[in-house]
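# Whatever this is, show me its structure:
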Amino acid sequence: MNDLADLLTPEGRALLDEVRGTAPADELAVATRLRREHPAGLVSAALGQARLRQRAAAKFGAEDAERMFFTPNGVEQSTRASVATYRAECFQALGVRSVADLCCGIGGDAIAFARAGIRVLAVDRDPATAAVARANADALGLAGLIEVREADVTEVDTAGYDAVFVDPARRGGRGRIFDPEAYSPPLSWAVSAASKAPLGVLKIAPGIPHEAIPAEAEAEWISDRGDVKEAVLWFGAGRTPGARRATLLPSLAGIWASPDIMLPDPQVRPVGRYLYEPDGAVIRAHLVAEVAEELDGGLVDATIAYITADELRPTPYATPYEITDQLPFNVKKLKALLREREVGILTVKKRGSAVEPEELRKKVKPQGPGSATVFLTRVAGAPTMLVGHPA
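Below is the predicted model:
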């Protein structure tokens, strides 16, 4: 907090401007020079903040990141701006005009809500984190819409707000927390808080077991450019209890199934001409069957989320590959095939295989102008290599 207070002074802000974009290799020389005219602690704080801003640019965009303030945990755990913006637009479309953002962190979601014109009560119990959230609201010109409160979220009265958004801490001193009841606050409390609001939304880990999801919630998994970023539970506001949804950004493509129309697992069938790799959000949402039906395809193995089909059909929910070869797992045979095809650019994907892609790449030593993709997987239970290329 002292570092932040110092950085908010005119001298601190000037230093932040001066160290902007400093490369790691230049930090020592820059620090040595600046310490001749500024306190050593302030120089270290400015360089540390510059480093965090460079990391945060991937989540928040360079323009916002250069104006915001961060903590190491804040950069790691905050919501990606594209995801926060999507959610804020959903709130806006539902007519939400005020939201209690509980466990707000450094304010990533609060910023998106405010930019959508929604009044925000942002709450975090950590004094340093709350101070950073307050500084970010001010830095981005959103202080008029964001009230930051340092408090225990379990003691905050959210009555009168159109929506409650809860983002429990899912990391502890030993790293990621997998037990939902070990979240801070626990999942059961967060569900209770979300359920009491006209609209309640609860952010959870994407890998949460489906049996841990409350029956009264609609669950949504969100990916951004193919990477699964988060899962959320929606309560109220016309959502369907027990439904599952996968949303793909930036296209906003979405696939959904309610409890009464969910399909059984697809049939296993021989590998056809095309292999489809479903988006991670589709897999996490257990909606592979819905995509397989759309593609008139089946699975290569009952336990593997690869869809195979004889026809190429466009879909936003899976990436297609044309398969040219199917081999039992045999490194020597694969090496000979790649040498014959003069493959030097090799992409290795795996699902259901213990072999590491880099380990395989070193063994086959690809050389040549050609390119190929090899899938290490199982086909009808047997370890298999499928070779092909993007369709």
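
# host element of the spatially closest residue to R80 that is not a sequence neighbour?
Of all residues not flanking R80 in the chain, K59 sits nearest, at 4.8 Å (CB to CB, 6 or more residues apart in numbering). C-beta here means a position set from N, CA and C on the backbone, and glycine is covered the same way. Per DSSP states H and E, K59 falls inside helix 40-60.

# re the thing from before, contacting residues for the residue nearest to R80?
By CB atoms under 8 Å, 6 or more residues apart in numbering, the contact set of K59 is A65, V75, S78, T79, R80, A81, G108.

# Can I get those residues in CSV including pLDDT and secondary structure?
Formatted as CSV, the contacts of K59 follow (pLDDT from 0 to 100; DSSP: H, G, I helix; E, B strand; the rest coil):
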residue, pLDDT, secondary structure
A65, 96, helix
V75, 92, helix
S78, 92, coil
T79, 94, coil
R80, 95, coil
A81, 97, helix
G108, 96, helix
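
# Of those, which pair is most distant in space?
A65 and T79 (13.9 Å; CB to CB).

# Between these two, point out the one with more neighbours.
Each of A65 and T79 has its neighbours counted (other CB atoms under 10 Å); T79 has more, 25 against 20.

# OK, contacts around that one?
So, once contact is read as CB under 8 Å, 6+ apart, T79 ends up touching K59, R87, G108, D109, A112, D167, K203, K229, E230.

# and the closest residue to V153 other than its chain neighbours, how many residues sit next to it?
Excluding its sequence neighbours, the residue lying closest to V153 (CB to CB, 6+ apart) is L102, at 4.1 Å. Using other CB under 10 Å, L102 has 26 neighbouring residues.

# wait, doesn't L102 sit right on F165?
Yes: at 6.8 Å, L102 and F165 qualify as touching, with contact defined as CB atoms under 8 Å.

# The residue nearest the centre of the chain is in what secondary structure piece?
For the chain, K229 is the residue whose C-alpha lies nearest the centre (CA atoms, centre = their mean; 1.3 Å). Using DSSP H and E, K229 falls within strand 227-236.

# what's the angle from that strand to helix 40-60?
80 degrees (axes from the mean of the first three to the mean of the last three CA atoms, to 10 degrees).

# Tell me the strands beside strand 227-236, with direction?
Strand pairing for strand 227-236, determined by DSSP bridges: strand 199-204 (antiparallel), strand 218-224 (antiparallel).

# any chance of those strands in JSON lines, with mean pLDDT, distance to V271 and mean neighbour count too?
Shown next, in JSON lines, are the strands paired with strand 227-236 (pLDDT from 0 to 100; distance: least, CB to CB, whole Å; neighbours: other CB atoms under 10 Å):
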{"stretch": "strand 199-204", "mean pLDDT": "95", "distance to V271": "35", "mean neighbour count": "24"}
{"stretch": "strand 218-224", "mean pLDDT": "97", "distance to V271": "26", "mean neighbour count": "23"}
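
# can you tell which of the ones you listed is closest to R176?
strand 199-204 (12.6 Å).
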